[in-house]
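*Asks:* My questions are about this predicted structure, shown below with the sequence.
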Amino acid sequence: MTKVCTISLVAALCCVATGAVAQSAGDPKRGGEAYRACVGCHALQPGVHTTGPSLGGVWGAKAGTAKGFVRYSKEMQFAGITWDEDTLNAWLADPRSMVPGTYMVFRGIENDQTRADVIAFLKIAMAPGGVTKIVEGGLVPQGYAEGQIPAPLKLLPPSTQVAHVRHCGDSFFVTTADGIETPYWEMNVRLKLDSRSTGPEAGKPVIVGAGMAGDRFSIIFFNLDELSHFVTEGC
Ligand code: HEC
């Protein structure tokens, strides 16, 4: 009996000690799971920007310098931060206290262990060639690396291709390429631009469902000129 107790006591002590070591080191596999909190706003593929800049290649880089991302806050651009374990630790604990005025709407990761895990994951993911390593190494599914990239808007059926939009009263009357005109309450329709290569073809705006309820729609144009060309006021 005493012997069993002694053994389990040793086992318990051993686990406490291992736990302490794991906390300072961080576990990239667990970090990959916790990275789910970032996927909605960041891609890891270099150059793929969504709500936030791509995090690909950002390890060791100066903050606010990802090529092609034009929506940094002034505060981030002039923060003078270089991304490493220590700066990421402060940033992910409380983004707004590290960079007041940041556009990153994220309250932070309170738990020290989870933060250490995410940073261990980012150390691999944010380094050159990181995407291949994290996907092939089974740390995260491919989708996590790609971020929230919507399905391409090209080659949709004629029923989604917008030929003309008429605004009358509180409604949009949308005529699609199949010749059908459908009325929508103006508050349920968003007019959007998507200039990326995955967006609609130039001169071929599309109307797609948005949200779960089935009564919300987005009309997506390729550029601003199309908006004034395709949408006219008239009853
Ligand atoms: C709601 C969207 C959103 C979420 C969620 C989010 N971010 Fe961000 N992130 C942004 C935006 C926007 C910026 C640019 C901030 C600015 O310019 O002030 C940013 C900036 C960053 C930067 C600085 C990049 C650079 O180029 O200097 C890092 C690093 C970062 N985020 C990591 C993360 C991590 C890790 C997570 C998850 C734990 C996360 N973010 C969650 C939107 C988000």
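*Replies:* Here it is on my side, so go on.

*Asks:* Now do the one helix or strand residue 87 maps to: everything it contacts.
*Replies:* Using DSSP states H and E, residue 87 sits in helix 85-93. Residues outside helix 85-93 that contact it (CB atoms under 8 Å, 6 or more residues apart in numbering) are 63, 81, 83, 98-99, 108-110, 115-116, 118-119, 122-123. Backbone N, C-alpha and C define where each C-beta goes, glycine included.

*Asks:* of all those residues, which two lie farthest apart?
*Replies:* 63 and 110 (22.1 Å; CB to CB).

*Asks:* In terms of neighbours, single out the busier of these two.
*Replies:* Each of residue 63 and residue 110 has its neighbours counted (other CB atoms under 10 Å); residue 63 has more, 22 against 10.

*Asks:* Any stretches of this structure with poor pLDDT?
*Replies:* Scanning the chain for pLDDT under 70 picks out 1-24.

*Asks:* give me that answer again for 50
*Replies:* Within the chain, the segments meeting pLDDT under 50 span 1-22.

*Asks:* quick one, what contacts the spatially most central residue of the chain?
*Replies:* Nearest to the mean C-alpha position of the chain, by CA atoms, centre = their mean, lies residue 41 at 2.0 Å. Residues in contact with residue 41 (CB under 8 Å, 6+ apart) are 50, 51, 52, 104, 106, 147, 148.

*Asks:* so the second one sits in a helix?
*Replies:* The reference is to residue 51. No - counting by DSSP: H, G, I helix; E, B strand; the rest coil, one finds residue 51 to be coil, located in no helix.

*Asks:* moving C-terminal of the helix holding residue 87, what's the next helix or strand?
*Replies:* Scanning onward from helix 85-93 (DSSP H and E), the first element met is helix 95-98.

*Asks:* Just the buried positions in the helix or strand following that following helix, please.
*Replies:* Downstream of helix 95-98, the next assigned helix or strand under DSSP H and E is helix 112-125. For helix 112-125, the neighbour count (16 or more other CB atoms under 10 Å) marks 113-125 as buried.

*Asks:* Give me the contacts around helix 112-125.
*Replies:* So helix 112-125 is contacted by 22-32, 34-35, 44, 55-56, 59, 85, 88-89, 92-93, 109, 130-131, 133-134, 137, 139-140, 145 (CB under 8 Å, 6+ apart).

*Asks:* if we can go back for a sec, just give me the closest of the contacts of helix 85-93 to the ligand.
*Replies:* residue 63 (3.7 Å; CB to the nearest ligand atom).

*Asks:* OK, contacts around the closest one?
*Replies:* Per CB under 8 Å, 6+ apart, neighbours of residue 63: 76, 77, 79, 80, 81, 82, 83, 87, 99.

*Asks:* now, which of those residues lie within helices?
*Replies:* 76, 77, 87 (DSSP state H).

*Asks:* Close to the ligand: what parts of the protein are there?
*Replies:* For the chain, the contact set with the ligand under CB under 6 Å from any ligand atom comprises 37-38, 40-42, 51-53, 55, 58, 63-64, 66, 72-73, 76, 83, 92, 102-106, 109, 118, 122.

*Asks:* make it 5 Å
*Replies:* 37-38, 41, 51-53, 63-64, 66, 72-73, 76, 102-106 (CB under 5 Å from any ligand atom).

*Asks:* Quick check: PyMOL command selecting the buried ones in those.
*Replies:* Selection of buried members from these for PyMOL, criterion 16+ other CB under 10 Å:
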select buried, resi 38+41+52+53+63+64+66+72+76+102+104+106
